[in-house]
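>>> Below: sequence and its predicted model.
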Amino acid sequence: MKVLVVGGGGREHALCWKLVQSPLLSRLYCAPGNPGIAEIAERVPIAVEQISRLADFAAEQKIDLTVVGPEVPLALGLVDELAARGLAVFGPSQLAAELEGSKVFAKLFMARHGIPTARFALAHTAEEARAAQATFGFPVVVKADGLAAGKGVFLPENGEEFEQALAAIFAERRFGEAGDRVVIEEYLPGEEVSFMGLSDGERVLPLATAKDYKRIGDGDSGPNTGGMGCHSPSGALSAEQAADVVERVLQPTVAGMAAEGRRFVGVVYAGLMITPEGPQVLEFNARFGDPEAQVLMMRLEDDLLPLLAAGAAGRFDRERLTFRPEAATAIVLASPGYPDRPATGEPIRDLDRAAALPGVRIFHAGTATREATPESEPVLVSAGGRVLNVCALGRDLSAALDRAYAAVPEIDWPNKVFRRDIGRRVLAGARFEGS
């Protein structure tokens, strides 16, 4: 099969790494890809926002399956464009992707279908937001309605921080039209867990659980990011709770979307908070998480390609997936200044030395190659906020973390930013080793 992966980050590097292991694969393309992906797939210089050009390429090359990584091309209707040309694609339609593209739609959808979630109110102005906050107290959650690359969620703990969030959304227009509406939501204490499933439009194959760490700093301090690290299993969700989430969240979501004329094919991702009252949905995503995909691909034993092809065709023929018993973890290395103003163009060396350590694998997220000059050799440089994912497998979470953290200092990049406490609170609690 000829496969096209759309995207150029760590998630897409992990997907390509897994797909290239399939005996069914004849040729793998990635648009636009990155230097790490270039080692295993043919890069295609088309940006993820260029929907017509991506569809033209897939049609010209007679691509058998397109796998869409990021949320932006889903929201722009890439799946619809490919489907209109009779091309197979694993990912939700533009209508179905609104589950992630609009926080307002997602909250109202959950209310309609009885899916457990925090109490909320909607606001179109700062004044309406202040009135809503008064009913919830502090801390409170403020979410921009539209896509904001994981940076549109604020967790103000007092009035000053709340006003700063409102100013960023309504006055500074930091998120543009994505901030025309906001969700004001009660704060739920507990442990966050990422729980994803593959959907063929009717059935759901649950993936292993994972735990993502969104805040930039140790101890969950600082602003939200796209994710600074994760591990699988989550260590915070029992097998019984996981089965309950499938029954009460994932399956009703897929059924509800179908009932509303938004048949959902792709990855349905529930960001959960584990509370004393049980798991509550914080948000939905409509694609593999990043960096959750990286650790899940390292643990998945099944051939990914026929799974995604079957999902795209609407006919899963199995009920469960198989995962390695080992734990996997990812440490995100970010640029200084991330998430607000990340510095780029910094040289990065000695990746091979780090990747040679036992159980370690490095996925590129935001890298580029600085071309050779008469005075210098080509060199890998930082080219984004989140730059590298240092991943590792281990017999348990502690061993996986030890391996990943041992690899980080082997990478010659003096200004790299990373959290030093990924998984530490879960290890201290040591509740579940589950899937």
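Sure, I can see it.
>>> Chain neighbours aside, what residue packs nearest to Arg386?
Ala365 (4.7 Å; C-beta to C-beta, 6 or more residues apart in numbering). Where C-beta positions appear, they are placed from N, C-alpha and C, glycine not excepted.
>>> any idea which helix or strand carries Asn415?
Taking DSSP states H and E as the definition, Asn415 sits outside all helices and strands.
>>> okay but it is in contact with Ala334, surely?
No: assessed by C-beta atoms under 8 Å, Asn415 is found out of contact with Ala334, at 9.9 Å.
>>> For the two, indicate the residue with more neighbours.
It is Ala334, of Asn415 and Ala334, that has more neighbours when counted by other C-beta atoms under 10 Å, with 25 against 13.
>>> ok, now how distant is that one from Arg112?
38 Å (C-beta to C-beta, to the nearest Å).
>>> same question, Ala131
Relative to Arg112, and taking C-beta to C-beta, Ala131 is found at 24 Å.
>>> can you give me the offset of stretch 21-31 from its chain's centre?
Taking the mean of its C-alpha atoms, stretch 21-31 sits 22 Å from the chain's own mean (C-alpha atoms, centre = their mean, to the nearest Å).
>>> Show residues contacting it.
1-8, 12, 16, 19-20, 37, 40-48, 54, 57, 61, 63, 303-306 (C-beta atoms under 8 Å, 6 or more residues apart in numbering).
>>> Could you turn the buried ones of the residues you listed into a ChimeraX selection?
For the buried members of the contacts of stretch 21-31, the matching ChimeraX selection, counting by 16 or more other C-beta atoms under 10 Å, is:
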select :1,3,4,5,6,7,8,12,16,19,20,37,41,44,46,48,54,57,63,304,305,306
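>>> among the contacts of stretch 21-31, which are in strands?
The strands, defined by DSSP state E, take in Lys2, Val3, Leu4, Val5, Val6, Gly7, Glu42, Arg43 from these.
>>> Save the residues you listed as a markdown table, and put in pLDDT and distance to Pro92 too.
A markdown table is the format used below for those (pLDDT from 0 to 100; distance: C-beta to C-beta, whole Å):
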| residue | pLDDT | distance to Pro92 |
| --- | --- | --- |
| Lys2 | 98 | 22 |
| Val3 | 98 | 18 |
| Leu4 | 98 | 17 |
| Val5 | 98 | 16 |
| Val6 | 98 | 13 |
| Gly7 | 98 | 15 |
| Glu42 | 98 | 26 |
| Arg43 | 98 | 25 |
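>>> Make CSV from those residues and add distance to Ala313 to it.
Converted to CSV, the ones in strands among the contacts of stretch 21-31 look like this (distance: C-beta to C-beta, whole Å):
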residue, distance to Ala313
Lys2, 16
Val3, 14
Leu4, 16
Val5, 18
Val6, 19
Gly7, 22
Glu42, 25
Arg43, 27
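>>> okay, among those, which ones form the most distant pair?
Maximum pairwise distance in the ones in strands among the contacts of stretch 21-31, criterion C-beta to C-beta, is 17.2 Å, between Lys2 and Gly7.
>>> how close does the residue nearest the centre of the chain get to Val254?
Closest residue to the average C-alpha location of the chain: Gly289 at 2.0 Å, with C-alpha atoms, centre = their mean. The gap separating Gly289 from Val254 is 17 Å, by C-beta to C-beta.
>>> Repeat that for Ala368.
38 Å.
>>> Comparing those two, which shows the higher neighbour count?
Using other C-beta under 10 Å, the more surrounded residue of Ala368 and Val254 is Val254, with 22 against 17.
>>> is it true that the more buried one lies in a helix?
Yes: using DSSP: H, G, I helix; E, B strand; the rest coil, the assignment for Val254 is a helix.
>>> In this structure it contacts Ser199, no?
Yes: between Val254 and Ser199 there is a contact under C-beta under 8 Å: 5.0 Å.
>>> residues shared between the contacts of these two?
In contact with both Val254 and Ser199: Phe264, Val268, using C-beta under 8 Å, 6+ apart.
>>> Neighbours of the residue nearest to Arg386, how many?
With other C-beta under 10 Å as criterion, Ala365 counts 31.
>>> Find the nearest non-adjacent residue to Leu282, please.
Looking at Leu282 with C-beta to C-beta, 6+ apart, the closest residue is Gly271, at 4.5 Å.
>>> any idea which helix or strand comes after the one helix or strand the one you found maps to?
Taking DSSP H and E as the criterion, Gly271 maps to strand 265-275. Downstream of strand 265-275, the first helix or strand assigned by DSSP H and E is strand 278-285.
>>> So for the next helix or strand after that following strand, mean pLDDT?
Later in the chain than strand 278-285, the nearest helix or strand by DSSP H and E is helix 292-299. For helix 292-299, mean pLDDT is 98.
>>> With stretch 357-375 instead?
Mean pLDDT, computed over stretch 357-375, is 91.
>>> and the end-to-end length of that stretch?
End-to-end span of stretch 357-375 (C-alpha to C-alpha, to the nearest Å): 32 Å.
>>> how far does it sit from the chain's center?
That offset, for stretch 357-375, works out to 22 Å (C-alpha atoms, centre = their mean).
>>> And that stretch, what's buried?
Counting neighbours by 16+ other C-beta under 10 Å, stretch 357-375 gives Gly359, Val360, Arg361, Ile362, Phe363, His364, Ala365, Gly366, Thr367, Ala368 as buried.
>>> Show the contacting residues for Trp347.
Wrong residue type there; residue 347 is Pro, not Trp. Here Pro347 is in contact with Arg370, Val379, Leu380, Val381, Trp413 (C-beta under 8 Å, 6+ apart).
>>> Let's see that with 6 Å instead.
Val379, Val381 (C-beta atoms under 6 Å, 6 or more residues apart in numbering).
>>> got it, and Asp145?
Contacts of Asp145 by C-beta under 6 Å, 6+ apart are Ser102, Lys103, Val104, Arg181.
>>> Alright, that wraps it up for me.
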